[in-house]
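S.K.: Need coordinates for the following:
(2 chains)
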Amino acid sequence: MRIDTTRFGTIDVEPDKIITFPQGILGFPESKRFILFPHGSESLFWWLQSLDDGDLAFVTISPSAVCVEDYSFKISDDVQEMLKIEGPEQVEVLLLVTISGKPQQSVTVNLLGPIVINVETRLGAQLILDPVKYPVKYPITSAKNAPLKEAV
Amino acid sequence: MLVLRRRPGEKIRIGNDIVIEVLEIKGRQVRIGINAPDRISVLREEVFLKIEQENRQAAQSPVDLTILEDLPVVG
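M.R.: Residues are numbered from 1 along each chain as shown, chains lettered A, B, ... in the order given. Next up is the predicted model:
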């Protein structure tokens, strides 16, 4: 299928690469279908592009790539059920990246609302973690190589 | 929307396993106790709004990610 996007023009999407977010992403409930692709062959960043809204795309990165210590959380039973998660090997976690401020730009990741994807069922959701423990804007100043699961 | 009047100590049941109790009323604040199974997430609305707002900002990323590619890669 072909999708018109604002940032990448018309893109060809293989149906088996589509990731469905049954509840959408907070603030964008009408976008349910997304696709994930790397920013570049050497890049640590991945684009999460909506297939339902060509304007909507997020930059994401693996938590292991942004040097966050002790970033672990339990996926609640209802989310496990929704994403049909049977084991941790099916799960990939991504953080949404925010680029803000002008002229002094800053880059932050959202640790409070991570994206969780079951790479086998290709179902995804944005979780909401404990706001006391995790900031919505966690500044990143460096990154390290951390490949995603091949199935992504 | 269903609107109910409750006094401190009185409860509301939602379905079989959610109980909401008005614990205390003090000036303009109400303390509420919520008993719900673990699978049900109970959150202040502000947390949702905060993530929504952050998502809207995150969705503004330009296609040129030079600032990101300039981040030093360590390890």
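
S.K.: May I ask which helix or strand of chain B has the lowest mean pLDDT?
M.R.: The helix or strand of chain B with the poorest confidence is helix B:66-69; it has a mean of 78 (mean pLDDT, DSSP states H and E).

S.K.: In that one, which residues are buried?
M.R.: B:Leu68 (16 or more other CB atoms under 10 Å in any protein chain shown). All C-beta spots, glycine's among them, are computed from the backbone N, C-alpha and C.

S.K.: how about the CA coordinates for the top helix by length along chain B, as PDB?
M.R.: Ranked by residue count and defined by DSSP state H, the top helix of chain B is helix B:45-58. Extracted in PDB, the C-alpha atoms of helix B:45-58 (Å, rounded to 0.1, in the frame of the first residue of the first chain):
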ATOM      1  CA  GLU B  45      -5.800  13.300  34.900                       C
ATOM      2  CA  GLU B  46      -2.900  15.700  34.900                       C
ATOM      3  CA  VAL B  47      -0.500  12.700  34.000                       C
ATOM      4  CA  PHE B  48      -2.500  12.000  30.800                       C
ATOM      5  CA  LEU B  49      -2.500  15.700  29.900                       C
ATOM      6  CA  LYS B  50       1.200  16.000  30.500                       C
ATOM      7  CA  ILE B  51       1.900  13.000  28.200                       C
ATOM      8  CA  GLU B  52      -0.500  14.300  25.600                       C
ATOM      9  CA  GLN B  53       1.100  17.700  25.600                       C
ATOM     10  CA  GLU B  54       4.600  16.100  25.300                       C
ATOM     11  CA  ASN B  55       3.400  13.900  22.400                       C
ATOM     12  CA  ARG B  56       2.100  16.900  20.600                       C
ATOM     13  CA  GLN B  57       5.500  18.600  21.000                       C
ATOM     14  CA  ALA B  58       7.300  15.400  20.000                       C
END
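
S.K.: any bit of that helix sitting next to chain A?
M.R.: Yes: using CB under 8 Å from any CB of the partner chain, helix B:45-58 comes into contact with chain A via B:47-48, B:50-58.

S.K.: Check the offset of that helix from the chain's centre.
M.R.: Offset of helix B:45-58 from its chain centre (CA atoms, centre = their mean, to the nearest Å): 10 Å.

S.K.: And the average pLDDT for that helix is what?
M.R.: The average pLDDT for helix B:45-58 rounds to 95.
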